Each structure stands twice: as C-alpha cells, then as structure tokens.
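Trainee: Return atomic coordinates for the entry below.
(chains A and B)
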Amino acid sequence: GAVVSQHPSWVICKSGTSVKIECRSLDFQATTMFWYRQFPKQSLMLMATSNEGSKATYEQGVEKDKFLINHASLTLSTLTVTSAHPEDSSFYICSAISQRETFGELFFGEGSRLTVL
Amino acid sequence: SQQGEEDPQALSIQEGENATMNCSYKTSINNLQWYRQNSGRGLVHLILIRSNEREKHSGRLRVTLDTSKKSSSLLITASRAADTASYFCATRKVTSGSRLTFGEGTQLTVNP
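Mentor: Numbers count the residues shown, from 1 in each chain, chains lettered A, B, ... in the order given. Here you go, the predicted model:
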C-alpha cells in the first residue's frame, strides 16, 4: 500500500519554541493531507485540511496562527507548532489521500509525539 | 455527540474467539471505513464499505453496513493476540468532500 512518512516521530522542546513536523507521501501524489491531534486513549481530532498550493482549512477552535500548515508540493505538508506550551503536548498524526482516489482510504503517518517542557 | 460512535468502548476476549464492534453515525454517508491503531502508532486502513454495499469481507474481517439504521459492525473471526489494538470507524459524509470523521474507537484486547 501507499506509504506516508512522518518526521520526527517524537520531539521534546522547551516552552516558547517552535516545532515543525513533516508529512510526506512517498509513492503517490496527495493533493489533500489532513492533520489530527490525539490525546491518550481518545479518538483523532481533525485539526485542519491541507490542500496543495492553497491555504489550509482549519477546524473550529483550532488556532491557525498557532498551528501553521504549509502544503508546498504534492508530496509534502508541514505542521509548525509555534510558541509551544505544555498544553500543546500531544500525539500529532497526518494522513494523505491519493490524488487519484479522493474518496478512498486515507494513508496515515506513524505520528509525532510532542512533549513541551 | 460525535458522528461515528463505537461500542463497546473496550472489549476483552480470548484468542480464538470472535470480536464484534459496532459503529453508529448520524448523517448520510458516501462510505464508511474501519481503521486499526496499535498503541502509539499511526492508523492502518482495514476495509472500506460504500453506502450501496451491505457486507464486505477481507480475510478474517467482515464488515456490515445498514444505512437504514445508520450503523456498521466489524467482526474479527478467530482472533489472535496480535489483533490487540484500537479500532476506529470513520465516515465520509456526503457533504464533507474527502474528509473523514472518526468515532471514539473500541479498544480490543485479545488474551493469549
């Protein structure tokens, strides 16, 4: 199946710093990628939809200035957590949908665990 | 409440037994998908069932969809310890384009 690479898999940072997480589709082109946040033992919460070449669409309650999303190419989307605080600590997961089957399955990265001290 | 609610929230069975998880949703859908997540990992797609389909099989997995009741079930037959994971249903609503809405998940534990 299609592969989505997410990096880094874990990161620890100090409060106030910014952290960038990358999501790459390795063997397919993805016009749309999604970013989720997941708390322990909970479901995935959709943060934003990232479309190649256009601004991301954020879900209600998600601060777009806090969580910057860039989708510069058909294979790469990045999420930057700006001025991170301990409450931003979470598991962030990206997923991508193939350009050829926009109503098909999502391909997920392995997630990035962010810990803000 | 969130579209895509699974029950039970947690299920513990012995190896060899069957596991059944249910999912309910509220609005019209294009398709419904089931995903599996091992602890601390990303999600893996298991099966997709379209709104005009009633049942689908994949190996030891069987998914049913009842659009009149807005519900789906995932059956794992002859479970193995390696099936221990969280299972999520996800719906693609008619009005949501390619977005998926995930349910709360069922934590399945298969005891050896």
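
Trainee: Poorly predicted segments of chain A, please.
Mentor: The model of chain A has pLDDT under 70 over residues A:1, A:102.

Trainee: Run through the strands of it in chain order.
Mentor: Using DSSP state E, the strands of chain A run over residues A:4-7, A:10-13, A:19-25, A:32-38, A:44-51, A:57-58, A:67-73, A:76-81, A:90-97, A:107-108, A:112-116.

Trainee: Which one of these lies nearest to chain B?
Mentor: Chain B lies closest to strand A:107-108 among the strands of chain A, at 3.8 Å (C-beta to the nearest C-beta). In this view, the C-beta of every residue, glycine as well, is placed from N, C-alpha and C.

Trainee: Can I get the strands of chain A in JSON lines including distance to chain B?
Mentor: Shown next, in JSON lines, are those (distance: least, C-beta to the nearest C-beta, whole Å):
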{"stretch": "strand A:4-7", "distance to chain B": "7"}
{"stretch": "strand A:10-13", "distance to chain B": "9"}
{"stretch": "strand A:19-25", "distance to chain B": "10"}
{"stretch": "strand A:32-38", "distance to chain B": "6"}
{"stretch": "strand A:44-51", "distance to chain B": "5"}
{"stretch": "strand A:57-58", "distance to chain B": "9"}
{"stretch": "strand A:67-73", "distance to chain B": "14"}
{"stretch": "strand A:76-81", "distance to chain B": "14"}
{"stretch": "strand A:90-97", "distance to chain B": "5"}
{"stretch": "strand A:107-108", "distance to chain B": "4"}
{"stretch": "strand A:112-116", "distance to chain B": "7"}
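
Trainee: what's the closest of those strands to residue B:57?
Mentor: Using C-beta to C-beta as the measure, strand A:107-108 is the one of the strands of chain A that comes nearest residue B:57, at 22.0 Å.

Trainee: Please name every helix or strand in contact with that closest one.
Mentor: Counting contacts by 3 or more C-beta pairs under 8 Å, 6 or more residues apart in numbering or on different chains; DSSP states H and E, strand A:107-108 is packed against strand A:90-97, strand B:43-50.

Trainee: Spell out which residues of chain B are next to chain A.
Mentor: Chain B has residues B:2, B:30-31, B:33, B:35, B:40-45, B:48, B:88, B:90, B:92, B:97-105, B:107 near chain A, with proximity defined as C-beta under 8 Å from any C-beta of the partner chain.

Trainee: in its sheet, what does the helix or strand of chain B with the lowest mean pLDDT sit against?
Mentor: Lowest on mean pLDDT, DSSP states H and E among the helices and strands of chain B sits strand B:5-7, with a mean of 77. Paired neighbours of strand B:5-7 in the sheet (DSSP bridges): strand B:19-24 (antiparallel).

Trainee: ok, now which ones touch residue B:88?
Mentor: Neighbouring residues of residue B:88 by C-beta atoms under 8 Å, 6 or more residues apart in numbering or on different chains: A:43-44, B:4, B:6, B:34-37, B:43, B:102-106.
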